[in-house]
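Visitor: Sharing a model that was predicted from the sequence below.
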Amino acid sequence: MLKKLIVAMALTTPALALAQQPGPYFTVGVAGGSVDLSALEVAGSVSDDDVQRVVIGAGAQLNANLAVEAVYLTNSEGTVKTGPITQKLNHSGGQLAVLMSAPMTPQFSLFGKVSANYLTVEYESSLPFSSQDDSGFHLGVGAGVAFQVNDQMGVRATFERLMIADAGNGNNDFDVDQIAVALNYSF
């Protein structure tokens, strides 16, 4: 029995050290999802609402439960075609986020995310004099899972909603739902 206990401790002790340690990290990933284009759609519209982007940034793990990060969200474009009229909505920008995690095991944790997203939203239309640019802060919320592969490398999957509110000349809201998978490298 003592031998089994010693072997079990020897096998699990290195795993206990795998939780991400406080300090800076680099993150890079991809995201996919959709943008709610209902503010632009009418009966008979055909929409391409796919969101595909690269996410790249840096963060700091403050303790086992709290991290802050800044990331760049590459451009994503949505299109609505209604007869001869084509409307495009592009958005890109930066994100400042706070991540609150709850470790389930030394390697696996669940987390929630709240972000302030400074986005440039560009609306283009085939109609003359209707194109607009709008920049501002928009709220984001999300949740996900993280797995720490080793002391320096971790993988994270996040579901996130960016709430682009009051874009353009009206009260147009364009919610972006995306799932991101990222690789984190701790220094």
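Guide: That came through fine.

Visitor: Would you agree Ala146 is in contact with Ala180?
Guide: No - in this structure, Ala146 is not within contact of Ala180 by Cβ atoms under 8 Å, at 11.9 Å. The way it works is simple: take the backbone N, C-alpha and C, and place the C-beta from them, glycine included.

Visitor: Report the next helix or strand after the lowest-mean-pLDDT helix or strand in the chain in sequence order.
Guide: Every helix and strand of the chain was ranked by mean pLDDT, DSSP states H and E. The lowest is helix 2-16, at a mean of 48. Proceeding N to C from helix 2-16, the next assigned helix or strand is strand 23-35, under DSSP states H and E.

Visitor: Tell me which strands that following strand pairs with, and in which orientation.
Guide: Here strand 23-35 is paired, per DSSP bridges, with strand 50-63 (antiparallel), strand 172-186 (antiparallel).

Visitor: could those strands go into a markdown table alongside distance to Val35, mean pLDDT and mean neighbour count?
Guide: As requested, those are exported to a markdown table (distance: least, Cβ to Cβ, whole Å; pLDDT from 0 to 100; neighbours: other Cβ atoms under 10 Å):
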| stretch | distance to Val35 | mean pLDDT | mean neighbour count |
| --- | --- | --- | --- |
| strand 50-63 | 6 | 94 | 16 |
| strand 172-186 | 5 | 91 | 19 |
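
Visitor: do you know which of those strands lies nearest Ala102?
Guide: Relative to Ala102, the nearest member of these by Cβ to Cβ is strand 50-63, separated by 12.6 Å.

Visitor: does Asp48 have beta-bridge partners, and which?
Guide: Thr79.

Visitor: need the contact list for it.
Guide: Asp48 makes contact with 78-80 under the criterion Cβ atoms under 8 Å, 6 or more residues apart in numbering.

Visitor: Need the residues touching each of Ala146 and Ala180.
Guide: When contacts are counted by Cβ under 8 Å, 6+ apart, the set common to Ala146 and Ala180 consists of 156-157.

Visitor: isn't Val80 right up against Tyr123?
Guide: No - when contacts are counted by Cβ under 8 Å, Val80 is not listed as touching Tyr123 (10.5 Å).
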